[in-house]
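Visitor: A predicted structure for the sequence below; I have some questions about it.
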Amino acid sequence: MIIRWKHLFVLAVIAPFLGLAVGWSGLMSVRASTGHWAVTDWFLHWVMRNSVSVRAVAAGDVPALDDQGLIPGAAGHFETGCAICHGSPAQPRPDSVLAMLPPPPDLKTVVPQWSDAELFEIVKHGVRFTGMPAWPVQSRDDEVWSMVAFLRKLPEMDTNAYKQASGLHGVGQAGEVSPLPVTCQSCHAESKLNDGSHIPRLAGQSEAYLLNALKAYADKQRPSGIMQVAVGTMPAESLPELAAYYANQPTAPRQATQPISGLVEKGRVLAEQGRTTDKVPACLTCHDKANTNPAYPKLSGQNSA
């Protein structure tokens with residue numbers, strides 16, 4: 001028994017040095033071209049699934065993901081930030097991506113294998129050793145859930161449905177204000193802003209407010225993974241041009257949906273009087289007020305969502 005313990009002790013001491021020696025020797029291959037051993041591939045995926053499943057518990061309650069208003073913003077972000085590796089219904093994964101180890105999966109086939117909470121964990125935090133990045137802003141769970149809602153729809157999307165959701169102009173065709181085939185209008189076009197849309201209406205906002213917002217996204221001072229990626233594709237000198245363009249767009253008349261009983265009156269009280277018990281000032285003190293600071297956004301005309 002004493003001899004066995006001695007052997008185990010010697011092995012525990014020597015093993016780390018043997019590992020370092022093998023690493024130093026260069027004998028261990030890191031070539032992506034050779035692929036993983038089958039047991040290595042199985043082990044890595046087994047570890048990933050267990051890790052994701054355990055941590056998915058922290059995702060909390062899953063919100064309603066059947067809200068169609070969640071889809072457009074996430075679809076546009078998918079085209080600019082995700083489709084380059086995972087492909088999309090509009091274009092397959094390129095050969096250069098398929099040569100990665102491991103190759104990014106075709107999400108149409110793998111998304112159904114994960115629960116909503118597990119997809120949230122993967123999208124928000126990424127996956128080490130795969131090239132899958134974390135969500136650009138860790139404080140925007142609402143954006144991550146929007147992406148989960150989009151991923152749930154992805155397996156059933158054809159090319160036309162995907163283009164309509166993402167605002168994709170056409171594969172390989174750069175937009176006017178972006179080197180990518182998705183532009184500001186892909187999400188903010190008036191034709192896409194139905195009352196259930198979670199995307200804000202930009203037309204009619206002041207030039208000062210729009211420019212401040214764009215600069216804040218570009219400088220990572222205003223948290224939004226979707227907007228930071230979108231603005232990050234544009235040169236700094238184009239931001240004033242964008243602000244001026246949208247500030248001068250006419251606001252289109254629209255028909256408001258029937259409000260939920262009682263909400264309009266409660267909103268009127270908040271807008272005109274605020275709520276002193278919670279230290280909430282009256283909205284109209286700053287917003288939608290004549291001759292007010294142009295850096296304050298206008299709230300009237302926005303969708304209820």
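Guide: Now that the structure is in, tell me what you want to look at.

Visitor: just the helices in the stretch 101-250 of the chain please.
Guide: With helices called from DSSP state H, counting those that start in this stretch, the stretch 101-250 of the chain shows them at 107-110, 116-125, 141-153, 159-166, 184-188, 207-218, 225-232, 238-247.

Visitor: JSON lines please, covering those and showing mean neighbour count and mean pLDDT.
Guide: For glycine as for every other residue, the C-beta is placed from the backbone atoms N, C-alpha and C. Formatted as JSON lines, the helices of the stretch 101-250 of the chain follow (neighbours: other CB atoms under 10 Å; pLDDT from 0 to 100):
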{"stretch": "helix 107-110", "mean neighbour count": "14", "mean pLDDT": "94"}
{"stretch": "helix 116-125", "mean neighbour count": "21", "mean pLDDT": "97"}
{"stretch": "helix 141-153", "mean neighbour count": "22", "mean pLDDT": "96"}
{"stretch": "helix 159-166", "mean neighbour count": "18", "mean pLDDT": "92"}
{"stretch": "helix 184-188", "mean neighbour count": "22", "mean pLDDT": "89"}
{"stretch": "helix 207-218", "mean neighbour count": "18", "mean pLDDT": "96"}
{"stretch": "helix 225-232", "mean neighbour count": "21", "mean pLDDT": "92"}
{"stretch": "helix 238-247", "mean neighbour count": "17", "mean pLDDT": "94"}
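
Visitor: Dump these to TSV, plus distance to S33.
Guide: As requested, the helices of the stretch 101-250 of the chain are exported to TSV (distance: least, CB to CB, whole Å):
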stretch	distance to S33
helix 107-110	23
helix 116-125	27
helix 141-153	30
helix 159-166	32
helix 184-188	37
helix 207-218	39
helix 225-232	31
helix 238-247	41
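
Visitor: quick one, which of these is nearest to Y296?
Guide: When the helices of the stretch 101-250 of the chain are compared by CB to CB, helix 207-218 sits nearest Y296, at 6.7 Å.

Visitor: angle of that closest one against helix 225-232?
Guide: 100 degrees (axes from the mean of the first three to the mean of the last three CA atoms, to 10 degrees).

Visitor: so helix 207-218 versus helix 238-247, what angle?
Guide: Going by the same axes, to 10 degrees, helix 207-218 makes 140 degrees with helix 238-247.

Visitor: that older thread, who wins for proximity to R4 among the helices of the stretch 101-250 of the chain?
Guide: Each of these was scored for nearness to R4 using CB to CB, and the closest is helix 116-125 (42.5 Å).

Visitor: Give me the contacts around the closest one.
Guide: Around helix 116-125, the neighbours that count as contacts under CB atoms under 8 Å, 6 or more residues apart in numbering are 52-53, 55-59, 62, 65, 111, 114, 132, 134-135, 138, 141, 144-145, 147-148, 151-152.

Visitor: and if you look at stretch 37-52?
Guide: Under CB under 8 Å, 6+ apart, the answer for stretch 37-52 is 35-36, 102, 114, 118, 121-122, 127, 129.

Visitor: I'd like the distance from the nearest residue to D141 once chain neighbours are set aside to G73, if you could.
Guide: With CB to CB, 6 or more residues apart in numbering as the criterion, D141 has its nearest non-adjacent residue at 7.2 Å, and that residue is K124. To G73, K124 is 16 Å away according to CB to CB, to the nearest Å.

Visitor: what do you get for T233?
Guide: In terms of CB to CB, T233 sits 15 Å off from G73.

Visitor: So those two - more neighbours on which side?
Guide: G73 (27 against 16; other CB atoms under 10 Å).

Visitor: residue contacts, that one?
Guide: Contacts of G73 by CB under 8 Å, 6+ apart are 143, 146, 187, 198-199, 226.

Visitor: Can you redo those residues as JSON lines, where the extra columns are distance to R31?
Guide: Listed next are the contacts of G73 as JSON lines, based on distance: CB to CB, whole Å:
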{"residue": "E143", "distance to R31": "37"}
{"residue": "S146", "distance to R31": "38"}
{"residue": "C187", "distance to R31": "41"}
{"residue": "H198", "distance to R31": "45"}
{"residue": "I199", "distance to R31": "45"}
{"residue": "I226", "distance to R31": "36"}
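
Visitor: Closest to C283 out of those residues?
Guide: Using CB to CB, those come closest to C283 at H198, 19.6 Å.

Visitor: Tell me who's in contact with the nearest residue to the closest one once chain neighbours are set aside.
Guide: Distance criterion CB to CB, 6+ apart; nearest residue to H198, sequence neighbours excluded, is G69 at 4.6 Å. In this structure, G69 makes contact with 194, 196-198, 303, 305, judged by CB under 8 Å, 6+ apart.

Visitor: what do you get if the cut-off is 7 Å, keeping everything else the same?
Guide: The contact partners of G69, by CB atoms under 7 Å, 6 or more residues apart in numbering, come to 196-198, 305.
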